[in-house]
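Asks: Dropping a prediction and its sequence here:
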Amino acid sequence: MKLVKDTNRIMAGLLRNSTSRKIILHDSLSFYAPDYIEIEVFKHRSYLMKKAKISGPDFEILMNILLERVTLVPFEDFGQEYDYAMQIMEPVDENDSPFLAVGIALGINGIWT
C-alpha cells in the first residue's frame, strides 16, 4: 500500500517509540511526501530533541531512519495538482494541500495525515 505522509506524522514518529514510528517502519507500506518536509522537520529540530529527550546525534540517526522510509517528491512532480488540492482542502486544512496534491499526482490510494 502506498500512502502520502505528512510532516506531523514524521514528527510524531520522532518523539517516542510510537504507533506512528511502527507504521512508518512497516515493510509492507511505502510513503510519499512533498520534499520540503525534510526542511520543516529540521527547522523544529531543537524543539523535537527537547520533547523527545534525545541528543543531536540520536536525532540525526532517527531522522535518517525515518526519512529512508519516505520518498520525497519535488514540487515539479505534483505542482500541477496543487491548485486543485487547495480547492478540496480549503474547508478542511489548507496545510494538507501539498500532501493531497502528491497523492493525486502519483495516483496513490491512501493519505495518512
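Replies: Looks like it arrived, so ask away.
Asks: continuing past the host helix or strand of residue 46, what's the next helix or strand?
Replies: Using DSSP states H and E, residue 46 sits within helix 45-52. The element immediately downstream of helix 45-52 (helix or strand, assigned by DSSP H and E) is helix 56-68.
Asks: I'd like the next helix or strand past that next one.
Replies: Beyond helix 56-68 on the C-terminal side, the first helix or strand identified by DSSP H and E is strand 70-73.
Asks: Helices of this protein, residue ranges please.
Replies: 7-15, 19-25, 37-43, 45-52, 56-68, 75-78, 82-89, 97-106 (DSSP state H).
Asks: With respect to burial, which of those scores highest?
Replies: Most buried of the helices of the chain by mean neighbour count (mean count of other C-beta atoms under 10 Å) is helix 97-106; its value is a mean of 23. Every C-beta, even on glycine, is put in place using the N, C-alpha and C of the backbone.
Asks: Point out the other elements, helices or strands, that it touches.
Replies: In terms of contacts (3 or more C-beta pairs under 8 Å, 6 or more residues apart in numbering; DSSP states H and E), helix 97-106 is packed against strand 2-5, strand 30-34, strand 70-73, helix 75-78, helix 82-89, strand 111-112.
Asks: That one - what's its average pLDDT?
Replies: Here helix 97-106 scores 94 as its mean pLDDT.
Asks: How far off centre is that helix?
Replies: Centroid separation for helix 97-106 versus its chain: 12 Å, with C-alpha atoms, centre = their mean, to the nearest Å.
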